[in-house]
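Asks: got a structure for you, letters missing:
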């Protein structure tokens, strides 16, 4: 008999963890709904060719493919290498993110959808990454996107969703940082290297990790001159309040139409409904976000400084996502929540409310067969009132049942001895305080647990 | 450009369907929690050898295997047939049901769990069946099981969970039918063919589909004599109220210890808390449930007669589930909800409540740039009150926005013309009745939508 195990990079979620995760999902879901976003769920399996080529060469290698059923030996024998073998043997693959299935769905349902289509999606995705601390092969993504609208009101709404969710979660000290890809495009222009936009973006993206000197060195390696690098460094040093930064950007990009457009978009987002935010977004010109497809605002949420957890969410505006599936010209903007990291932040800051951790509220002890029937009726009464309750499954000694209550963290136990039942009473023991009181059986359903 | 599609047997769930499904899941989840069951989630991928050999030879063929990443060409060349190829190339596979992963989890966590462990699990499973009407390759299972307790109180609790869920869902006319495997075992004994228990069970299981004559014919083919078949037919003809059936069984099995034990268990389940049930379970001696591993009570829920949908749930007591993974002697009992069929029943009987179908409640029209800011503030006020609201994403003509509201089934629209804003008023239009009224802007947050 082999000792059972689970594949590396995957996790079992026991009762305590599921409840806390549900609390996060529920908070995000409620907020998405409040803002008029609509739920979508796509299949775990997509056709392999829906996914291939969408995540770069490295991404393609990390896609989990599903072996076709049936007689496949002949096909296997035609393969010249492992990559080809995968294509020959697998028609289907596991969802790698929520964005491509969303684009695929929009294209398939374009004639029924009311545009703009505001959808949210909360489902697991799978990637064959090497497992590491905080990196799993199966993990949830929570995305909200709007497609079919160029209006910057969508950007504001998505930032407000972040604001609302993190406020509801009680997470103080988080930061919502925004920038605009047009600003970075204009930077590449005024530096005189518009073709190196991607290189510049990728280098800037590492500022947090490798520092200014590291970025300078990398830019040098990527072929930029000292003068060009100085211009970029000056840009990265722009600081002050949002207004001061906007002003400095205005001076820097006064002759760049792209730059001015970026500034205009940032100003609109920051100035249109400033008082709607509980935590004002911070303009961060060094924010780059590696992915190539962003074209307008980009956003990243940083966990409170104290927990050293980095990004807990991010997103931005992209053009032409559905073009990949033959429907060009549809712009979109979206955000994503990093649920695993949010979980770790709430855990570390002890922000999970008691209700997110509570299972059974009341355990009825089952001490002798005579009182079982009465106890059962009371259990059903409490359940009818919405109080999660259990009757111990068999008559047994008090200490065995007490041990069960403790192990399960059940906050109240009800003890019904023969004498108590005769008098029409029950004893309620608060397992946290240790206090015990007797009340009339008829009052139990109204007791405040 | 290939027209995008999804793998056969899988489904996209759009907003309307997700909301209705959520309503079913939420109702079941709440009830499980009310009865003190605890949530568990296991990974989508299990090690292939955790699953192989657990579902019979036919089941093994239907397991979806996941191709290992990396250099696998050499391994492929060693395979002599397709089955071996799958084993050589795949370490992991998709969850096939929730029971085996649950057993695996119990064994892995046996030292931490408080027994009895009452867990529920609501997750998708995957099977390579040929897709057909109502048969999918990806579908949800919703299971509740108790392991580590022989007490028949668990059977009663699980039957009450069915009772509670279907009552909450408003489903009148459903039937909870129960039987006991010991009764069927005793039948095989008194027929004189204890070794043919499985054959007898499988034949009886088809009574609904092929009728009494069909069952008789099949029993004949399986090698039973006319006398033996008559005994079985007499058993299957047992009828009347639960009490009358119990009495007839008592006579039939008066000399069979196994039979009497089965009758005792059925009586306990039916007699201990009869008034707790809103719909009394029906003793159905013809209920067999094909699966072999049941050893005690078995249960099946039948959809209301009117919808011709058959079984919408089932379960029973089994012994020694975890023995497969090296932990013998742990008894369990569980039930399952068939969510896809429940969905179809609720749809056909129009039992989904309005709240399960409602997305955005209120759409604010965006008619001119001057009033956008005011409208935005009112939207945020309604959201703060928990009313799901949207501001149309851009200023445009009324009819375009009206079309959007209609397509999205939004029940209320708010119209703020320039003159209305000047007077501090808004117009509320009820899109269902067509009625329109003006109220003060300051009163909007208190309006009953």
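Replies: The structure has been received and is ready for your questions. Keep in mind that this is a model prediction, so the values were computed, not measured.
Asks: hey, where'd the helices end up in the stretch 301-449 of chain A?
Replies: Ranges of helices in the stretch 301-449 of chain A, per DSSP state H, counting those that start in this stretch, are A:339-348, A:369-384, A:398-407, A:418-423.
Asks: Okay, angle between the top helix by length along chain A and helix A:339-348 too, please.
Replies: In chain A, assigned by DSSP state H, the helix with the most residues is helix A:15-34. Angle, helix A:15-34 to helix A:339-348, by axes from the mean of the first three to the mean of the last three C-alpha atoms, to 10 degrees: 110 degrees.
Asks: For helix A:15-34, name the packing helices and strands.
Replies: strand A:117-126, strand A:138-147, helix A:153-168, helix A:339-348, strand B:38-39 (3 or more C-beta pairs under 8 Å, 6 or more residues apart in numbering or on different chains; DSSP states H and E). Backbone N, C-alpha and C define where each C-beta goes, glycine included.
Asks: Name every strand pairing with the second one and say which way it goes.
Replies: Okay, so that is strand A:138-147. Its sheet considered, strand A:138-147 pairs with strand A:117-126 (antiparallel), strand A:332-337 (antiparallel) by DSSP bridges.
Asks: The helices and strands packed on helix A:15-34: which one's closest to residue A:395?
Replies: Between residue A:395 and the helices and strands packed on helix A:15-34, the tightest spacing by C-beta to C-beta is seen for strand B:38-39, at 22.8 Å.
Asks: And the contacts of the closest one?
Replies: Residues outside strand B:38-39 that contact it (C-beta atoms under 8 Å, 6 or more residues apart in numbering or on different chains): A:13, A:15, A:18-19, A:22, A:359, B:29, B:32, B:117-122.
Asks: With respect to residue A:344, which of those is nearest?
Replies: For the contacts of strand B:38-39, the minimum distance to residue A:344 (C-beta to C-beta) is 14.1 Å, reached by residue A:13.
Asks: Surely residue A:405 and residue A:430 touch.
Replies: No. Applying C-beta atoms under 8 Å as the test, residue A:405 and residue A:430 come out as separate, 11.4 Å apart.
Asks: And these two? Which one has more around it.
Replies: Neighbour count, other C-beta atoms under 10 Å in any protein chain shown: between residue A:405 and residue A:430, residue A:405 has more, with 21 against 13.
Asks: dump the residue contacts of the more buried one.
Replies: A:363, A:413, A:431.
Asks: can you pull the contacts of the first one?
Replies: Translated: residue A:363. So residue A:363 contacts A:389-392, A:401, A:404-405, A:408, A:410, A:412-414, B:36 (C-beta under 8 Å, 6+ apart).
Asks: Could you identify the buried members of these?
Replies: A:389-392, A:401, A:404-405, A:408, A:410, A:412-414, B:36 (16 or more other C-beta atoms under 10 Å in any protein chain shown).
Asks: excluding its backbone neighbours, what's nearest residue A:48?
Replies: Nearest residue to residue A:48, sequence neighbours excluded (C-beta to C-beta, 6 or more residues apart in numbering or on different chains): residue A:93, at 4.6 Å.
Asks: Nearest approach to residue B:137 belongs to which of the helices of the stretch 301-449 of chain A?
Replies: Ranking those by proximity to residue B:137 (C-beta to C-beta) places helix A:339-348 first, at 26.8 Å.
Asks: For the stretch 51-200 of chain A, which segments are assigned as helices?
Replies: Using DSSP H, counting those that start in this stretch, the helices of the stretch 51-200 of chain A run over residues A:56-62, A:73-77, A:82-89, A:99-108, A:153-168, A:181-191, A:197-205.
Asks: thinking again about what came up before, possible to save the helices of the stretch 301-449 of chain A as a markdown table with mean pLDDT?
Replies: Listed next are the helices of the stretch 301-449 of chain A as a markdown table, based on pLDDT from 0 to 100:
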| stretch | mean pLDDT |
| --- | --- |
| helix A:339-348 | 96 |
| helix A:369-384 | 94 |
| helix A:398-407 | 96 |
| helix A:418-423 | 87 |
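Asks: Could you export the ones you listed as a markdown table, including distance to residue B:160?
Replies: Putting the helices of the stretch 301-449 of chain A into a markdown table (distance: least, C-beta to C-beta, whole Å) gives the following:
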| stretch | distance to residue B:160 |
| --- | --- |
| helix A:339-348 | 34 |
| helix A:369-384 | 8 |
| helix A:398-407 | 20 |
| helix A:418-423 | 22 |
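Asks: out of those, nearest to residue B:112?
Replies: In terms of C-beta to C-beta, the element of the helices of the stretch 301-449 of chain A nearest to residue B:112 is helix A:398-407, at 8.9 Å.
Asks: Measure how far the closest one is from the centre of its chain, please.
Replies: 37 Å (C-alpha atoms, centre = their mean, to the nearest Å).
Asks: Please apply the same query to stretch A:358-369.
Replies: Here the centre of stretch A:358-369 is set off from its chain's centre by 36 Å, with C-alpha atoms, centre = their mean.
Asks: List the buried residues for that stretch?
Replies: In stretch A:358-369, counting by 16+ other C-beta under 10 Å, buried: A:359, A:360, A:361, A:362, A:363, A:364, A:365, A:366, A:367.
Asks: which one of these is nearest chain B?
Replies: Distances from the buried residues of stretch A:358-369 to chain B were compared by C-beta to the nearest C-beta; the smallest belongs to residue A:360, at 4.2 Å.
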